[in-house]
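[1] predicted model follows, preceded by the sequence.
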Amino acid sequence: MYDNLKIGFSPLTGKVYLGKTLKSDPNMWSEGKRDITNNFLQVVLNKFEPGTETGITDGKKQYFITVREVEKG
């Protein structure tokens with residue numbers, strides 16, 4: 001059911017997608033990818049609540065994430 005299921009980001013559209021990739025080329029989407037940008041961002045905000053400051057790594061580079069709540073003004 002979840003074979004080749006992948007989350008990816010498109011720099012062309014600025015959207016986050018969920019879908020299956022081709023078995024022959026795991027960097028290419030097969031049919032049926034879905035735009036999950038809003039859901040993805042909500043999950044990130046649930047994980048990193050306002051006031052969060054944390055370091056993460058992708059195995060090559062290290063990043064520092066700071067989440068601040070911005071009041072509308």
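    Received the coordinates, thanks.

[2] tell me the SS of I65?
    Using DSSP: H, G, I helix; E, B strand; the rest coil, the structure places I65 in strand.

[3] how close does it get to P50?
    Applying Cβ to Cβ, to the nearest Å, the value for I65 to P50 is 12 Å. Where C-beta positions appear, they are placed from N, C-alpha and C, glycine not excepted.

[4] which parts of this protein are strands?
    Along the chain, the segments classed as strands by DSSP state E run 5-10, 15-20, 34-35, 53-57, 62-66.

[5] worst mean pLDDT among those strands?
    Among these, strand 5-10 has the lowest mean pLDDT, at a mean of 90.

[6] before we move on, back to that, just name the most buried of the strands of the chain.
    Of all the strands of the chain, strand 15-20 carries the top mean neighbour count, a mean of 17, counting by mean count of other Cβ atoms under 10 Å.

[7] send the alpha carbons of it over as CSV?
    The C-alpha trace of strand 15-20 is given here as CSV (Å, rounded to 0.1, in the frame of the first residue of the first chain):
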residue,chain,number,x,y,z
LYS,A,15,4.0,23.2,-3.0
VAL,A,16,4.5,20.0,-0.9
TYR,A,17,3.2,16.8,-2.6
LEU,A,18,2.4,13.3,-1.5
GLY,A,19,2.3,10.5,-4.0
LYS,A,20,4.0,7.4,-5.5
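
[8] what sits up against that strand?
    Applying Cβ atoms under 8 Å, 6 or more residues apart in numbering, the set of residues contacting strand 15-20 from outside is 3-10, 29-30, 32-37, 40-41.

[9] got it, and stretch 25-44?
    Residues contacting stretch 25-44 (Cβ under 8 Å, 6+ apart): 4, 6-8, 14-22.

[10] mind listing what's buried along it?
    W29, K33, I36, T37, F40 (16 or more other Cβ atoms under 10 Å).

[11] sounds good, over and out.
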